[in-house]
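1. Need coordinates for the following:
(one chain, ligands or ions: 2)
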Amino acid sequence: PRLANQIAAGEVVERPASVAKELLENSLDAGARRIDIEVEQGGVKLLRIRDDGCGIAADDLPLALARHATSKIRDLEDLERVTSLGFRGEALASIGSVARLTLTSRTAGAGQAWQVETEGRDMEARVQPAAHPAGTSVEVRDLFFNTPARRKFLRAEKTEFEHLQEVIRRLALARFDVAFHLRHNGRSALALHEAGDETARARRVAAVCGPAFLEQALPIEVERGGLRLWGWVGLPTFSRSQADLQYFYVNGRMVRDKLVAHAVRQAYRDVLFNGRHPAFVLFLEVDPAVVDVNVHPTKHEVRFRDSRMIHDFLYGTLHHALGEVRP
Ligand code: ADP
Ligand code: MG
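-> Ligands and ions are numbered 1, 2, ... in the order given. Coordinates of the predicted model:
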């Protein structure tokens, strides 16, 4: 099983950022309201994610590390309407096969916490008592310590940390209701409190995208024909320091979609005659029945039932909004 897990890890675990993505998604699936992320050396030496979610019962701890063991799908019907971020039961097994992984957890009702460890070996995980509040911590140390070929592909600490931060930014904009705290090499790198109202949401966008974006962005808020679009689009005066400031969410899930990108770019070009890479943070809310966001859970793809209608709504809304402020 170790080899099989390592092969699977090739698909799931590319770098510390991909480990972080899997662990954060697990925390969100577990209903966490606060997530603490501790990173050392860009995540290669240490990545520890602690949440206050539902926790894992002692008996289920070894199972959580087993391949294809998921608690999120029981039958084919579940698969049809899966709403969790993960469901293949592969992430922890894969990560555990290429790093030293410690899983510590406590359910709300339990008298105490329990822990299992792997060292990248075949795991017959022993469950041991531990100290931990209700919720789960996953500690991943020495990523790729036993797969030197993969380790070679890791970049400088700064680059790995930048990728990791991007993963957190994407999720932080998807879940304003969850607090995220990130520390790198012992220093606070990001502190996002739960953002319940409009002001707090704007504050989070400023913290995530930089204050300059919010100062030079146009707020959007339009509702029409069962579609709602809100967020911010960067004005031509805004010049990005970030490589890529394009965040688009459909019903709370980040998507990268050709149709969406086209509608936004076209609106910018037609109003501002500016083909530059636009910056935006936009949230589209639609009836879940007219959209399929599970086409590719990892690839951020989306399928709209009536893509023409969505395109026209996006284009029309942004065209109108940008037209009002045209320089
Ligand atoms: P998947 O998310 O696809 O189910 P994973 O390998 O990521 O598979 O996780 C395996 C299982 O471990 C999950 O189905 C879940 O039951 C449990 N689990 C993992 N992380 C957490 C967490 N942070 N809180 C509660 N349960 C968790
Ligand atoms: Mg998962």
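2. The stretch 151-300 of the chain: helices as residue ranges?
-> For the stretch 151-300 of the chain, helices defined by DSSP state H, counting those that start in this stretch occupy the ranges 157-174, 198-209, 211-215, 258-272.
3. Highest mean neighbour count out of those?
-> Of the helices of the stretch 151-300 of the chain, the one with the most neighbours on average (mean count of other Cβ atoms under 10 Å) is helix 157-174, at a mean of 19. Just so you know, the C-beta spots here come from the backbone N, C-alpha and C atoms, and that holds for glycine as well.
4. Is ligand 1 within reach of that helix?
-> No: if you take Cβ under 6 Å from any ligand atom as the test, helix 157-174 misses ligand 1, and the best it gets is 13.4 Å.
5. of all the helices of the stretch 151-300 of the chain, which lies closest to S239?
-> When those are compared for distance to S239 using Cβ to Cβ, the nearest one is helix 211-215, at 8.3 Å.
6. circling back: the helices of the stretch 151-300 of the chain: lowest mean pLDDT?
-> With a mean of 88, helix 258-272 has the lowest mean pLDDT of the helices of the stretch 151-300 of the chain.
7. And that one, what does it pack against?
-> Applying 3 or more Cβ pairs under 8 Å, 6 or more residues apart in numbering; DSSP states H and E, we find helix 258-272 packed against strand 246-250, strand 280-285, helix 307-324.
8. would you turn the helices of the stretch 151-300 of the chain into a markdown table with distance to ligand 2?
-> Formatted as a markdown table, the helices of the stretch 151-300 of the chain follow (distance: least, Cβ to the ion, whole Å):
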| stretch | distance to ligand 2 |
| --- | --- |
| helix 157-174 | 13 |
| helix 198-209 | 23 |
| helix 211-215 | 31 |
| helix 258-272 | 26 |
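9. With respect to A189, which of the ones you listed lies nearest?
-> helix 157-174 (7.2 Å).
10. how about TSV for the helices and strands packed on helix 258-272, with mean neighbour count and mean pLDDT added?
-> Shown next, in TSV, are the helices and strands packed on helix 258-272 (neighbours: other Cβ atoms under 10 Å; pLDDT from 0 to 100):
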stretch	mean neighbour count	mean pLDDT
strand 246-250	21	93
strand 280-285	21	96
helix 307-324	17	93
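11. between those, which one is nearest to F213?
-> When the helices and strands packed on helix 258-272 are compared by Cβ to Cβ, strand 280-285 sits nearest F213, at 7.8 Å.
12. For H132, pull up the helix or strand it's in.
-> Under the criterion DSSP states H and E, no helix or strand holds H132.
13. So what's the residue count around it?
-> Number of residues near H132 (other Cβ atoms under 10 Å) recorded here: 17.
14. So for it, what's the pLDDT?
-> Looking at H132, the pLDDT reads 97.
15. Let's have the helices of the stretch 151-300 of the chain in TSV, adding distance to G31.
-> What follows is the helices of the stretch 151-300 of the chain, written out as TSV (distance: least, Cβ to Cβ, whole Å):
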stretch	distance to G31
helix 157-174	14
helix 198-209	20
helix 211-215	29
helix 258-272	29
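16. so which of those gets nearest L46?
-> Using Cβ to Cβ, the helices of the stretch 151-300 of the chain put helix 157-174 closest to L46, at 11.8 Å.
17. Packing partners of the closest one?
-> Looks like helix 157-174 contacts helix 16-29, strand 34-40, strand 179-184, strand 187-192, helix 198-209, strand 246-250, strand 253-254 (3+ Cβ pairs under 8 Å, 6+ apart).
18. Swap in 7 Å and give it another go.
-> With contacts defined as 3 or more Cβ pairs under 7 Å, 6 or more residues apart in numbering; DSSP states H and E, helix 157-174 has these neighbours: helix 16-29, strand 34-40, strand 179-184, helix 198-209, strand 246-250, strand 253-254.
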